[in-house]
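K.L.:
need a 3D model of the following:
(chains A and B)
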Amino acid sequence: MQPGPGGGAAAGNARHRKWPMKRRVPLSEPSLGDPHQLFHDTSSAHGPGSYVAHRVPGGLGYSSPLQPGFLDDPMSNMAVAYGSSLAAHGKELVDKNIDRFIPVTKLKYYFAVDTVYVGKKLGLLVFPYLHQDWEVQYQQDMPVAPRFDINAPDLYIPAMAFITYILVAGLALGTQDRFSPDLLGLQASSALAWLTVEVLAILLSLYLVTVNTDLTTIDLLAFSGYKMIGGVVTGLLFGKTGYYVVLSWCCVAIFVFMIRTLRLKILSEVAAEGVLVRGARNQLRMYLTMAIAAAQPLFMYWLTFHLVR
Amino acid sequence: MAFTLYSLLQAALLCVNAIAVLHEERFLKNIGWGTDQGIGGFGEEPGIKSQLMNLIRSVRTVMRVDQYFQKLKAHSFKI
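P.N.:
Predicted coordinates for the structure are as follows:
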């Protein structure tokens, strides 16, 4: 598979294509290994191209606990054996049924990150002005895992940012003597509610504008979660002027980041390459992109202003 | 800021209820959002207004089938 032509070269026949231009990257295919394994162990991976799946040892082979005479008594022996068989049965049941409620394989894709990716992505979220190429690389019609492509959305950073935001909110409230333990739960549920509202509003507006896009709900959740990073960073500063300076920096940064990311997904191909395309549809989509991007700084301000006194 | 998930749920319930109790003849036809107007041809772009009309109509159809929902709503606001 040789690398295909870049995005800008084939603008002529871009009109006939519905999906964004995919660039094929010569990667060896990362196999997911055992479907019961919940995460990929990359502790001994050699280099970015190859990928080795280790089986996590199922936790049922007990090494004997602290006292040396524990398994001598035959009754406790039997109890241990019975307990472990019960646990194995339960695990089987859960594994069989979990795919019905939570799409585990799809979620696994979003958590396939590593330290380098996280570092680069955090840098990109705070300073997106120098990054040139925002397109997600594809590999045989499936987007490449976030570990290999910095533009791919992931759920690890938003999840961690959300939890850190709650902790930082607690810290900020504590230094102002306004803390009480139930306030943590209140912060968490209110931030979660606002996120849900935002994702639902974006879904509704995408439906109304009939955009043919391959943005999934989880992608939208990931993008909405990225603004929590700004919330964390601003929440750490105690002091009015510092807060406003950092807040405005983060707001502009996430605005630019959102516009550049969403432009490639929502707008039609030709318009995304910078050529001004007239027509009501494209204008509407442009407004939609701007609206989504503008909502992020607003939410960031709303979620953090009450933490500063 | 006491905006919890429960109040979100309540708000959603109220919105769906509002859509379900809209009286077609009196309101929607006057604004021109009735279900027998504006289905249009199979043009290229549906446009926002017809999408919205479709959405309202489908929500009302689902609610019509789901009479359960109305009893549930009646009971949940007694709490």
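K.L.:
tell me where the model's unsure across chain A.
P.N.:
Residue ranges of chain A with pLDDT under 70: A:1-72, A:99-101, A:141, A:238, A:268-281, A:309.
K.L.:
find the closest residue to chain B in the stretch 201-309 of chain A.
P.N.:
Proximity of the stretch 201-309 of chain A to chain B (CB to the nearest CB) peaks at residue A:208, 4.9 Å away. Backbone N, C-alpha and C define where each C-beta goes, glycine included.
K.L.:
can you get me a residue count around residue A:92?
P.N.:
11 (other CB atoms under 10 Å in any protein chain shown).
K.L.:
any idea which helix or strand comes after the helix or strand hosting it?
P.N.:
Using DSSP states H and E, residue A:92 sits within helix A:74-101. Using DSSP H and E, the helix or strand that follows helix A:74-101 towards the C-terminus is helix A:104-110.
K.L.:
report the buried residues of whichever helix or strand comes after that following helix.
P.N.:
Later in the chain than helix A:104-110, the nearest helix or strand by DSSP H and E is helix A:115-126. Across helix A:115-126, burial judged by 16 or more other CB atoms under 10 Å in any protein chain shown covers A:117-118, A:121, A:124-126.
K.L.:
show me what helix A:115-126 is packed against.
P.N.:
helix A:156-175, helix A:227-235, helix A:240-266 (3 or more CB pairs under 8 Å, 6 or more residues apart in numbering or on different chains; DSSP states H and E).
K.L.:
next helix or strand past that helix?
P.N.:
By DSSP H and E, the next helix or strand past helix A:115-126 is strand A:138-139.
K.L.:
after that following strand, heading C-terminal, what element do we hit next?
P.N.:
The first helix or strand that comes after strand A:138-139 along the chain, using DSSP H and E, is strand A:142-143.
K.L.:
the longest helix in chain B is where?
P.N.:
When chain B is parsed with DSSP state H, its longest helix is helix B:47-65.
K.L.:
okay, the angle between the following helix or strand past that helix and helix B:47-65?
P.N.:
Downstream of helix B:47-65, the next assigned helix or strand under DSSP H and E is helix B:68-76. Computed by axes from the mean of the first three to the mean of the last three CA atoms, to 10 degrees, the angle separating helix B:68-76 from helix B:47-65 equals 80 degrees.
K.L.:
restrict helix B:68-76 to CA atoms and write it as PDB.
P.N.:
Coordinates of each C-alpha in helix B:68-76 appear next as PDB, following Å, rounded to 0.1, in the frame of the first residue of the first chain:
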ATOM      1  CA  TYR B  68     -47.900   4.500  29.000                       C
ATOM      2  CA  PHE B  69     -45.700   7.600  29.000                       C
ATOM      3  CA  GLN B  70     -48.600   9.800  29.900                       C
ATOM      4  CA  LYS B  71     -49.400   7.800  32.900                       C
ATOM      5  CA  LEU B  72     -45.800   7.800  33.900                       C
ATOM      6  CA  LYS B  73     -45.600  11.500  33.600                       C
ATOM      7  CA  ALA B  74     -48.700  11.900  35.700                       C
ATOM      8  CA  HIS B  75     -47.300   9.800  38.400                       C
ATOM      9  CA  SER B  76     -43.800  11.200  38.400                       C
END
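K.L.:
now the helix or strand hosting residue A:200, how far from the chain's geometric center?
P.N.:
In the assignment (DSSP H and E), residue A:200 maps to helix A:181-208. Helix A:181-208 sits 16 Å away from the centroid of its parent chain (CA atoms, centre = their mean, to the nearest Å).
K.L.:
show me what counts as buried in it.
P.N.:
Neighbour-count burial for helix A:181-208 [16+ other CB under 10 Å]: A:187-199, A:202, A:205-206, A:208.
K.L.:
what helices or strands is it leaning on?
P.N.:
Helix A:181-208 packs on helix A:156-175, helix A:217-225, helix A:280-304, helix B:5-20, helix B:47-65, going by 3+ CB pairs under 8 Å, 6+ apart.
K.L.:
could you dump those helices to JSON lines with mean neighbour count and distance to residue A:74?
P.N.:
Converted to JSON lines, the helices and strands packed on helix A:181-208 look like this (neighbours: other CB atoms under 10 Å in any protein chain shown; distance: least, CB to CB, whole Å):
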{"stretch": "helix A:156-175", "mean neighbour count": "18", "distance to residue A:74": "46"}
{"stretch": "helix A:217-225", "mean neighbour count": "19", "distance to residue A:74": "51"}
{"stretch": "helix A:280-304", "mean neighbour count": "18", "distance to residue A:74": "59"}
{"stretch": "helix B:5-20", "mean neighbour count": "13", "distance to residue A:74": "51"}
{"stretch": "helix B:47-65", "mean neighbour count": "14", "distance to residue A:74": "61"}
